[in-house]
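**Student:** Turn this into a structure:
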Amino acid sequence: MKKVVLATFLACAVASSLPSAFAQDASSGAQAAPAAPAATDPCAAPPMAAAEYAVYNNAMTQTDLKAQAAALEQYLTQFPQSAVKANTLERIMALYAQTDGTKAGPAADRVLQVDPNDITALYLETLIHKGQADAIKDATAQQAELDTAAGYAQKGLAATKPACMTDADFNTKKTTFYPTFYSVIGYAAFNKKDSATAIDAYKKELAFVPLAATQTVGSPLADTFYLGQAYMQATPPDYLSCAFYASRALAYAPDNFKATISGTAKYCYHQYHGRDDDGYDGVMAAATANLNPPAGFAATVKPAPTPADIVNQVIATTPDLNTLAVGDKEYILQNGTPDQAAKVWDLLKGKSYQLPDVLVIASTATQLQVAVSEDAKQSKTADFTINLAASDDADKKLTPLQAKAAATKAAAIAAATAVGATTTVAGTYDSFTPNPIMITMKDGEVILPKAAAPKPVAHPAAHKPVAH
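**Tutor:** Residues are numbered from 1 along each chain as shown. Okay, the predicted model is just below:
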């Protein structure tokens, strides 16, 4: 499933968190700057000369947020070495986050120049760079921007509590900011198929937020689905975990997303369990009721038979292996024991077969690589190599008519064996390697469709003379 399907699902939640996170800081309106006593407490306001205090107090008492931001900018221009510079820059940043997004990023940059540990500025940088990444079409440039956002998020998670901030205030910021940090780290990793990092980040996000946040539209619910996809693209894939988390996202997703999410949930379930939906209701019930797979969950889902199980079953129920389809014989060569593979290969080696409807993967004048089994066709991966026999006309001196016919045939073969074409070939089984499966045939030939016989031309019947 394409990641873009849930773009609005995630983007709306991220975008809305930018102004709301700063609303309390920036919308408190006018407030006077208290005259500061001599500093005895390191967290007390530093002494401020009367002239500076007047300018600062005028800025802080502006009731319009844009006017307050402009006045504070003027204050810092007039007093660039202000003892409250860090606090002032953070307030300017919060005001811009509320009133002028184009200035919010540069304001955050200025805060981090003064205090690289400022968790609020790191949060704002994370959001801004994630939003910029979402707007980039070029995949390489987009990933670079996502990695930048994730870098700020990592720094945000590592940020320590300022000495003059209360534990309660810092915990409030963590509650607000950490889910976004984990979400952005997860998405940056997921987008470049770093499944281990994505899974770790998404699970930490889901563990951090209230359970109710995972059951309503927002980043945690969208990231529950991405978590399922991260398990699907892991090496090796964890299809049962994919089925669980995709099903949980399905349980709480809006109706317009359900069809797409269901496709991923069912795909992973089928990959783990087999091609039918038997037992899937139990997975859906468990995922609806639990944020993570409950204890003993895996034991409740029957896995699909292994390739070895399938080979044993086919051999046990097929008295004459010659009757097996080409794809079934290939499956045994690839997945059977050496003895089982040898038993099938003894039936094939040196025998000539015609293979219809093969997909051409690679083509030269002397060799074709083709996909024969349905799995090979789906993945567009060659499972047969056909070494073509030399043309009978190669050493003959041809008449002009024969040369013309040979050229016509060569052109037809070239068209039939173009990469991506479906054609019919014949050859003699010569050798094979089981993993990855590759069966080689010698004396290969391209079987062209027979030209339709010309239809006889209908002539009008002769008129008999009319007797008088």
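
**Student:** Mind exporting the C-alpha coordinates of stretch 200-211 to CSV?
**Tutor:** Taking Å, rounded to 0.1, in the frame of the first residue of the first chain, the C-alpha atoms of stretch 200-211 are listed here in CSV:
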residue,chain,number,x,y,z
ASP,A,200,11.0,1.2,18.0
ALA,A,201,9.9,4.8,17.6
TYR,A,202,6.2,4.0,16.8
LYS,A,203,5.9,1.6,19.8
LYS,A,204,7.4,4.2,22.1
GLU,A,205,5.0,6.8,20.8
LEU,A,206,2.0,4.5,21.4
ALA,A,207,3.2,3.7,24.9
PHE,A,208,3.6,7.4,25.7
VAL,A,209,0.2,8.7,24.7
PRO,A,210,-3.1,8.1,26.4
LEU,A,211,-5.0,5.0,25.2
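
**Student:** Low-confidence stretches in the protein?
**Tutor:** Flagging of the chain using pLDDT under 70 yields the residue ranges 1-41, 392-395, 451-468.

**Student:** how does it divide into domains?
**Tutor:** 3-37+45-211, 349-393+402-447 (automatic domain parsing).

**Student:** which one of the ones you listed is the most hemmed in?
**Tutor:** Among these, the stretch with the highest mean neighbour count (mean count of other C-beta atoms under 10 Å) is domain 3-37+45-211, at a mean of 18. Bear in mind the C-beta positions are built from the backbone N, C-alpha and C, glycine included.

**Student:** re earlier: redo the domains of the chain as a markdown table? Include distance to Gly296.
**Tutor:** Listed next are these as a markdown table, based on distance: least, C-beta to C-beta, whole Å:
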| stretch | distance to Gly296 |
| --- | --- |
| domain 3-37+45-211 | 19 |
| domain 349-393+402-447 | 33 |
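
**Student:** what's the closest of these to Asp281?
**Tutor:** domain 3-37+45-211 (22.7 Å; C-beta to C-beta).

**Student:** Helix, strand, or coil at Gln354?
**Tutor:** Following DSSP: H, G, I helix; E, B strand; the rest coil, we place Gln354 in the strand state.

**Student:** Now that it has come up, it's in contact with Thr423, right?
**Tutor:** No: with contact defined as C-beta atoms under 8 Å, Gln354 does not count as touching Thr423 (11.3 Å).

**Student:** Between these two, which contacts overlap?
**Tutor:** Ile447 (C-beta atoms under 8 Å, 6 or more residues apart in numbering).

**Student:** Where do the helices of the stretch 201-350 of the chain begin and end?
**Tutor:** 219-232, 239-252, 255-273, 280-289, 307-317, 326-335, 338-348 (DSSP state H, counting those that start in this stretch).

**Student:** by how many degrees do the last one and helix 326-335 diverge?
**Tutor:** In this case it means helix 338-348. Angle between the axes of helix 338-348 and helix 326-335 is 140 degrees (criterion: axes from the mean of the first three to the mean of the last three C-alpha atoms, to 10 degrees).

**Student:** Mind giving me the packing neighbours of helix 338-348?
**Tutor:** helix 307-317, helix 326-335, strand 422-434 (3 or more C-beta pairs under 8 Å, 6 or more residues apart in numbering; DSSP states H and E).

**Student:** Cool, thanks, talk later.
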